[in-house]
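S.K.: Fold the following for me, if possible:
(chains A, B, C, D and E)
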Amino acid sequence: MMKFKRKFKHKDKNNQISFIPDAQRAYYRTSSINKVAKLQFRIGFMLLLIPLILFLINLLYRPYDTTSMNMSERFTAPNFSHWFGTDNYGRDIFTRVMSGLPLTIFISIGINLIGCLSGLLIGALSGYYGGVVDYWGNRIGDALLSIPAILMGMLFVATFGEGIWQVIVALGIMFIPSYMRVIRSGFLEYSQRNFVKRLQLIGASSGRIIWRHLFPQIRTRLMSAIALGFANAILAESSLSFLGLGVPMSQITWGRMLKDAQGFLFQAPWSAIAPGLMIVILVLGSFFISNGLKQFSQQRNMT
Amino acid sequence: MVNKKKVMRIVLVILSLVLFLTACGKKDAEKDTEKDTDDTEQTDQGVIEDDPDEDDKVIEEPGDPQQGGSVIVGITQELDSLDPYLAAAAGTKEVIYNFFDGLVKLMPDGTFEPALAESFDFSDDATEFTFKIRTGVKFHNGDDLTLDDVVYSLERAAGMLPDSEAALIPQLAIIESVSADTEAGTVTVKLKESDADFITYMTLAIIPQDYTEQAQKPIGTGPFIFTEYKTQTHLKMKRNPDYWRDRTAYLDEVTFMIVPDADAAIMDLQEGNFDIFPYLTIDKAELLKDKYDFIAADSNMVQIWGLNNQRAPFDDPVVRKAINMAIDKQMLIDAVTFGEGRVLESGMAPPMQDYYNADLTSPYNPEEAKSMLEEAGYQDLKIEITVPGDYVIHVQTAEVLAEQLKQIGVTAEVKTVDWGTWLSDVYMGRNYDSTVIALTFDYVAPATVLRHYYSKSDNNFINFVSTEFDELYEAALSETDHAKRVELYHQMQKILQDDAASVFLQNPGTQTAVIKTLGGYTTYPQYVQDMYTVYFK
Amino acid sequence: MTRYLLKKAGQMLITLLLIVLIVFIMFELIPGSPARIMLGMNASQEQVAALESELGIHEPLPLKINKYFVGLLQGDLGHSIHFDKSVGELINEAAPVTFSLAMYAFVLIIVLSVPLALLAARKQGSFLDNSIRFVTETTLAIPPFFMAIILMLIFRTTQLGLSSGRGNLESLGFLRKFFMPALAIALSRVAMALEFLRDAIIEQKKLFYTRAAVGKGATKSRILFFHIFRNSLVPYVTALGLILAEVFGGSIIIEQVFLLPGLGRLLVTAVEARDFPLTQGIIILIATVVIIVNFLVDFINQFIDPRLRSSDMKSTKSNFWLKLSYKLKFRGDVE
Amino acid sequence: MQQDLTKAEYILKVEHLKVVSAQGAELVRDVSLKIKPGEIVGLVGESGSGKSISTMAIAGILPEGISIAQGKIFFNDRDITRISAQERCKINGNKIGIIYQDASQSLNPLIRIGRQIDEVLKIHTDLSPQERRDRVYGTMRAVNLSNVEKLAQRYPHELSGGQRQRVLIAMAIINNPELLIADEPTTALDVSVKSQIIELIKLINFSRKASVLYISHDFSTVKKLCDRVYVLYQGIPVEVGATEQIIKRPQHMYTKLLLESIPSPEKRGQKLLTMKARTRDYRGPAVNCLFAERCPKVFERCRQELPDMFKIDKGHQAACFLFDK
Amino acid sequence: MTGELQNILEINNIYASYSTSLRKLEFVLEDLSLVMKSGECLGMIGESGSGKTTLANLITGFIKPISGKIHFRGQEIQNLSLRQRIKQFNRGIQMVFQDPYDSFNPKMTIGKQLMEPLEIRKFLSNSEIEAKARYTLEQVGLSADYFSRYPHQLSGGQLQRVALGCALIVEPCLLIADEPVSSLDVSVQAQVLDLIIDLRKKFDFSCLFISHDLAVVYHLCDTVAVLNQGSIVEQGNVEEVFQNPQNVYTRQLISDSGYGD
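M.R.: Okay, here's the model as predicted:
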């Protein structure tokens, strides 16, 4: 019991050693394991597992068709044959929720791919070189960021139309500045360190320094940012869908389902709650993973 | 150990959250089932009138009209310009209707009564119309209605004023000249070509001459006077004490509240915050029957599944016919409008009175449709349905259509675009496979609906070409005899169905919630909220 | 100081200019003609063409931009196509709703986040800390509109904040009427503010001067309020500045859900109607407010932290940005 | 208020102090030390020797997660490891003044210098604002700060390193503490400022009759300042003695080698030292002589037992079996 | 060999500043001139803020002077970029920094970082590179098993040794050591100083040793230059300067450090 108590009491104390001299710090680094970070990581994964398991079940066993309509069973409250109830066409919400995962995730990944890769390019250049690229990169980033993102999303989708790819591209562009900032500040931080100077002195090219030396430094925090971005992309897609600007009708994403459910909120609240809950679980899982990764990166940064 | 404990806690939190939410859900479910049972009884007692053949329904309740009182009407569309000629949104027109009178007035049964015109007359070829203008009518600003005002109004609407480029009301573009005869107190309108429907357009609001603030503070001769308008919020009007009819309006004040989303207004309705709320669907009525009476009304909409006749595979009549056969329209109506709509067989709707050809029927036979397609050599047909995403009803319709098409092996992809894009790409650009849309008619003029199939019209967005139809259409325009016109229009509708120009889906119905203390709410074949007839019991 | 102000003002102008340009270019690309949308399906081709030429839709882009800026300099935001009313007037009517909603939510965020952050930071990793963070993270994970829906379901029988644009902006009625929408916005943002303040407090706690204060004999509460809290304000205030932009974004959606007649709803109408002058006007307004608020944040921060007044603030800032971009969850409102 | 506590033989007496981290690492293993009133005692060691942690333990400012596992600290014969936080607050800053190593980190960056010094008075005295101000200015002048009225309005980052260090000293001595703990106060400073600060501490010791615990890794300053010196190695004192004894006649091999590794004019251009590098950083409990792995004179016993302090001379002790008679 | 060129480094009337605007120009280095002979170890003494590090950055080419000239092995280099310098000089300038933890990529093994300069130069085959890196590691007194370790697994002193190895592996003519021992413990400092003395015998390089610690400079260097507020106030043979300082500032510095007597 005593042992347990002590363990519990001290579980998150390893961050407070910034003033301890080098030799001791080395000791902490190697011996302590960031339990909270690991725990968060684990919880995150468990949460992500819920929709994943649902999806896998869906592959093996699908109680109802996702689209077939049954007017006699519309707005059925959750019961044993329809676990999450039915929607306005009498479609089984459980089945739809299960099969909504791949597209939701696909869109989210697509958005982050665009945001992350472009952000990496611009952020790396402006963080490493500074100067003109940095200035204008920041101005455009500022401009994009001082307009509420939902608004830009509206304009983008109005411009390029609705559809999965349009949503991905539109939101992907909106995600660039955030990634750019994370990456830029990382590069800025490390490019001022002496090992970069040393590399320049031995004749390493900028590309080599950026890719082989600076990029690995920010990898963990980039991963944390991606986990976060993943969650945010899901939220963004659902918000756009809610305004009726998102994914087309025939595609099942949770955002789309929420939007459809909104019209029947008072007749069939379950039709909103099921997909909403899935979004929350998925997003929360990603948040936890992101937080865990962030703490890992902070811990490493103490080196 | 530590981890487990922590995980347990978190799981507990999640669980309690889930329980809480599902608990909410269950309660609702129970309530709903209760309501369901109640409802059937109610319907039996006939409180919710559901008789499709009657167009005008006045709640027949004992109780005399009371003078005075104020009501709040919920409307779902944002208002645009308040100028009666510039206002394009149906939602605006239905509101500002109360400020204005036309030369004639459309009655609930679809006939026309003289209004600002004491009487009217027209030539046999329907090219010259003469109106005798009523005297002693005052505008809201106190000025008398003069012949000049009428001439001005007509000329402005027809785009005949020096600084205007096009007719503000497109139907009036055929006006050649407007002249006033001061002696006789008449105004004569000459048309470029004959148009038997012209009289229906003369419900046109008459406005005072050279008044420039019509868009912000409209002035007319109507039963209500504009008092205040706040964008996105409300529009207020008060009773016109000097109304020219034998009585003024009953109500002292009417406020139109703008609620962009009928679904979201449910909570307000449940609290009784609105006195009148049009455009509800029948499913919502079930939630509100305690406080409100429901009046069913036909909409002025012809919902069609427009097939682009110039584009493969719809250029082949066989495909169009097969598809027509594959659609279960009643099921569609059940799904989308909760049964509150009427199956259509042609491009016109019952509110068009006897112009509507009610004799047409089409069989629902997916097996035959499938074999027809197979015979014609179409396999694994893939089509696209482009719908304006702003209109939930069309999107849902498209969704149901796509589902039904699966039976005959046709894969339909629903693509939503926003309204602006739809107008430019589909309606104007005609660059689409097929689309679901409602054709609306502002006037009970059959030509305005069927013009969409007239090959020379720029509104023929489905690219329908039939010389026979065109001839009939032209003939009908100049025909003044009512019976003959009806016959011509019936023939046109027959052609549309025979050629399977498109799939004619439904005439959606709507429900208007009227709080139980009110009476006199009247519906018209035209889309208006007439507050003149409304009174407190 | 004046040089700094001038430099900032210059940057603000450039940012605004870029925003105007972005919107201009987008509108060039957006399909659909406002004239056609306004006149509807039944209008004739000539009618549409006439209105289009009246609106100057087919003028070349540079000319349009030039015209717009000339108008802007004279304080004229143009004339709304859809509402047939001056944009300034329309914004004047709608802005108070949005701004008071945003301010309400903003105050709620502060009121919720400060005590919670103090509680959470009292002991890092404690059960209290973890549960506060878990709950706020959860609210952050809920899309704002879904949050609104949940709130509506919960409060459906009460009278709180339910009317649709009726009522006025007077004190008590306003507080009740806007409570639910403001709460829906605030709940999904409170986690960010809280996280920032909490992290800052924990970070300050680790800094040596707080222990030096113990060495002075200062009591715990004195250290917390006199030293730590005050020193944690800089990141918090900066985060609040950016959260304000989010709050505006949030209110766009929440206005749709609660049917409030604010800028957000106006904007959605404007974009749907391709009402360029109105869209541009609202975007400029919101962006200006956001930019000015961020400028004020800079200013307030300099007031709080004298180090920021000196020139070598660059490195402090860059590090801060890193954290910020982390936490701000990529400005989660479309999100 | 002036109690006659000077009767205590030692103003500070630390007995078998052991400080551990949350992970169980022994940061300070077994430190005992004594300071007589008016004495300046040096605590010398390399990084990792636990000198800073011992100081923090004495001053009661150990960071979270690091705690005293064992041992007593008597301040004026009162065990201050066992008193309440409130009592502790009354001692810190009042009876014990602390000067920290890094002045730039030890001052609150957002508060003006004057207010920070004033805070100590505000906490511990009931003086009026006017009186406090006079005393703040007086103390600032006493630590050789010039132009104090203006300086009091400045923020820490606007001061030079030397000025900041003086401000810290002013803060530490403003309440005339009986014990002044100086934790490497000169490490971050330039040579010229360094000697001034040393002189200042000497002066305070002399004029205010404060005992000083001076922590450093730098023998040259210790030589100038201290009466007695403790040499610390991996959390255990290995040699104690008067400064003269330690510097001139070091007995423990560690002290010897350490002194030899300092460059001096005589050794110019030559190799400095033959001390083996530490192979690993051991943080477990000490079971044998910790220096054994590096000691050139190591013998079997060193690897098996932990040596006690053995007396060499009057006041001169070393923890080495070589002196076990 | 080195006798041909008397002066490996000549700095003439250098002005340097970090501020970009001309109106608020504050010189960090002002009219600084310095001559360094081939093969010598020059100690540069200065207090914080005197411009030591700026001078190092100037010589290595990280910053450019506002005016003045720098000659390295007889060539003007102040306007050459880092890459041009590498092209032009087979044996150039290398630098060792104060904080050893900061001068290594924390996510790469010591071995890889040692090999990197040679990989970039592409003169040798992979096996030769590795052999040379291992040899260098041995030369700086570390055993071969450090080759695959990460920087954080090494102590400060060990890392500073590796840093020396990294700099010397490309056989530079001039090594600039910017306070390489000031963050180290006394005993470790002694080891590094010993190593530098040792390496100077093995490798043929001149050394500019920057420090604020007079004892270290006296111990290690042949000549000394005293830097005060951006200019050299005294330069000369170490013993001469220490025993008989001419400049007031130098005199004060030496007496403060306790080296005067």
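
S.K.: which ones are touching the residue of the stretch 151-300 of chain C found nearest chain B?
M.R.: Here the stretch 151-300 of chain C gets closest to chain B at one residue, C:Pro261, 3.6 Å apart by CB to the nearest CB. (Glycine included, C-beta is placed from N, CA and C.) By CB atoms under 8 Å, 6 or more residues apart in numbering or on different chains, the contact list for C:Pro261 reads B:230-233, B:258, C:93-94, C:97, C:165, C:255.

S.K.: Centre-most residue in the chain?
M.R.: Because you didn't say which chain, this covers chain A. Taking CA atoms, centre = their mean as the criterion, A:Phe230 is the residue nearest the geometric centre of chain A, at 2.0 Å.

S.K.: was after chain C, sorry
M.R.: When CA atoms, centre = their mean is applied to chain C, the residue found nearest the centroid is C:Ala245 (2.1 Å).

S.K.: Thought B:Ala166 was touching C:Glu46, still the case?
M.R.: Yes: at 4.3 Å, C:Glu46 and B:Ala166 qualify as touching, with contact defined as CB atoms under 8 Å.

S.K.: Just list what the longest helix seen in chain C packs against, helices and strands only.
M.R.: Among all segments of chain C classified by DSSP state H, the helix with the greatest residue count is helix C:87-122. Here helix C:87-122 is seen to pack against strand C:79-80, helix C:127-141, helix C:171-177, helix C:179-206, helix C:230-258, helix C:263-272, helix C:276-304 when contacts are counted using 3 or more CB pairs under 8 Å, 6 or more residues apart in numbering or on different chains; DSSP states H and E.

S.K.: Sheet partners, orientation included, of the first one?
M.R.: Yep, that's strand C:79-80 we're talking about. Strands that pair with strand C:79-80, judged by DSSP bridges, come out as strand C:85-86 (antiparallel).

S.K.: Tell me how far the strand it pairs with lies from the chain's centre.
M.R.: Here the centre of strand C:85-86 is set off from its chain's centre by 25 Å, with CA atoms, centre = their mean, to the nearest Å.

S.K.: quick one: contacts of stretch A:153-162?
M.R.: Contacts of stretch A:153-162 from elsewhere in the structure, counted by CB under 8 Å, 6+ apart, are A:166-167, A:169-171, A:173-174, A:236, A:239-240, A:243, A:245-248, B:389, B:415-418, B:420-421, C:23, C:26, C:29-31, C:267-268, C:271-272, C:279, C:334.

S.K.: about what we covered before: contact partners for the closest residue to the residue nearest to the centre of chain C other than its chain neighbours?
M.R.: Leaving aside its sequence neighbours, C:Ala245 sits nearest to C:Val290 (CB to CB, 6 or more residues apart in numbering or on different chains; 4.4 Å). Under the criterion of CB under 8 Å, 6+ apart, the contact list for C:Val290 reads A:146-148, C:244-245, C:248.

S.K.: most surrounded residue in the residues you listed?
M.R.: C:Phe248 (31 neighbours; other CB atoms under 10 Å in any protein chain shown).

S.K.: what about stretch B:403-417, near chain A?
M.R.: Yes: for stretch B:403-417, a contact with chain A is found by CB under 8 Å from any CB of the partner chain, at B:403, B:406, B:413-417.

S.K.: Quickly find the element holding the residue of the stretch 151-300 of chain C closest to chain B.
M.R.: When elements are assigned from DSSP states H and E, C:Pro261 belongs to no helix and no strand.

S.K.: All the helices of chain E, residue numbers only.
M.R.: Assigned by DSSP H, chain E shows helices spanning E:52-60, E:82-88, E:110-121, E:126-139, E:156-168, E:186-202, E:214-220, E:238-243, E:248-256.

S.K.: Could you pull out the buried residues of the second one?
M.R.: So that's helix E:82-88. Under the neighbour-count criterion of 16 or more other CB atoms under 10 Å in any protein chain shown, helix E:82-88 has E:82, E:85-86 buried.

S.K.: What of the last one?
M.R.: Applying a neighbour-count criterion of 16+ other CB under 10 Å, the buried positions in helix E:248-256 are E:249-250, E:253-254, E:256.

S.K.: could the residues you listed go into JSON lines alongside distance to chain B and pLDDT?
M.R.: Output for the buried residues of helix E:248-256, formatted as JSON lines (distance: CB to the nearest CB, whole Å; pLDDT from 0 to 100):
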{"residue": "E:Tyr249", "distance to chain B": "61", "pLDDT": "90"}
{"residue": "E:Thr250", "distance to chain B": "62", "pLDDT": "90"}
{"residue": "E:Leu253", "distance to chain B": "57", "pLDDT": "87"}
{"residue": "E:Ile254", "distance to chain B": "60", "pLDDT": "86"}
{"residue": "E:Asp256", "distance to chain B": "55", "pLDDT": "81"}
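
S.K.: Mind checking the helices of chain E for the one nearest to A:Phe264?
M.R.: Minimum separation from A:Phe264 across those (CB to CB) falls at helix E:110-121, 61.8 Å.

S.K.: Contacts only, for the closest residue in space to D:Cys289 that isn't next to it in sequence.
M.R.: By the measure of CB to CB, 6+ apart, the closest residue to D:Cys289 outside its immediate chain neighbours is D:Cys302, 4.3 Å from it. If you count contacts by CB under 8 Å, 6+ apart, D:Cys302 has them with D:288-289, D:291-292, D:295, D:321.

S.K.: rerun that using 7 Å as the cut-off
M.R.: Under the criterion of CB atoms under 7 Å, 6 or more residues apart in numbering or on different chains, the contact partners of D:Cys302 comprise D:288-289, D:292, D:295, D:321.

S.K.: which other residues reach stretch D:243-256?
M.R.: Residues from elsewhere that reach stretch D:243-256, judged by CB under 7 Å, 6+ apart: D:42, D:219, D:222-223, D:226-229, D:231, D:233, D:238-239, D:259, D:291, D:295-297, D:312-313, D:316, D:318-320, D:323.

S.K.: Return the residues of the stretch 351-500 of chain B in contact with chain A.
M.R.: Applying CB under 7 Å from any CB of the partner chain, we find that the stretch 351-500 of chain B lies next to chain A at B:389-390, B:392, B:395, B:398-400, B:402-403, B:413-418, B:421.

S.K.: Please, where are all the helices along chain D?
M.R.: When secondary structure is read from DSSP H, chain D shows helices at D:51-59, D:85-91, D:103-106, D:113-124, D:129-142, D:148-152, D:161-173, D:191-207, D:219-225, D:243-248, D:253-260.

S.K.: Go through the ones you listed and name the closest to B:Asp359.
M.R.: Each of these has some distance to B:Asp359 by CB to CB; the shortest is helix D:103-106, at 94.0 Å.

S.K.: Looking at the contacts of stretch A:153-162, which are in helices?
M.R.: The helices, defined by DSSP H, take in A:166-167, A:169-171, A:173-174, A:236, A:239-240, B:420-421, C:23, C:26, C:29, C:267-268, C:271-272, C:279 from the contacts of stretch A:153-162.

S.K.: ok, of those residues, which come out buried?
M.R.: The neighbour-count criterion (16+ other CB under 10 Å) marks A:166-167, A:169-171, A:173-174, A:236, A:239-240, B:420-421, C:23, C:26, C:267-268, C:271-272, C:279 among these as buried.

S.K.: quick one: contacts for D:Leu225?
M.R.: D:40, D:42, D:198, D:201-202, D:214.

S.K.: What residue in the stretch 1-150 of chain C comes nearest to chain D?
M.R.: In the stretch 1-150 of chain C, no residue comes nearer to chain D than C:Gln124, which is 8.1 Å away by CB to the nearest CB.

S.K.: per-residue confidence at that residue?
M.R.: Listed pLDDT for C:Gln124 reads 75.
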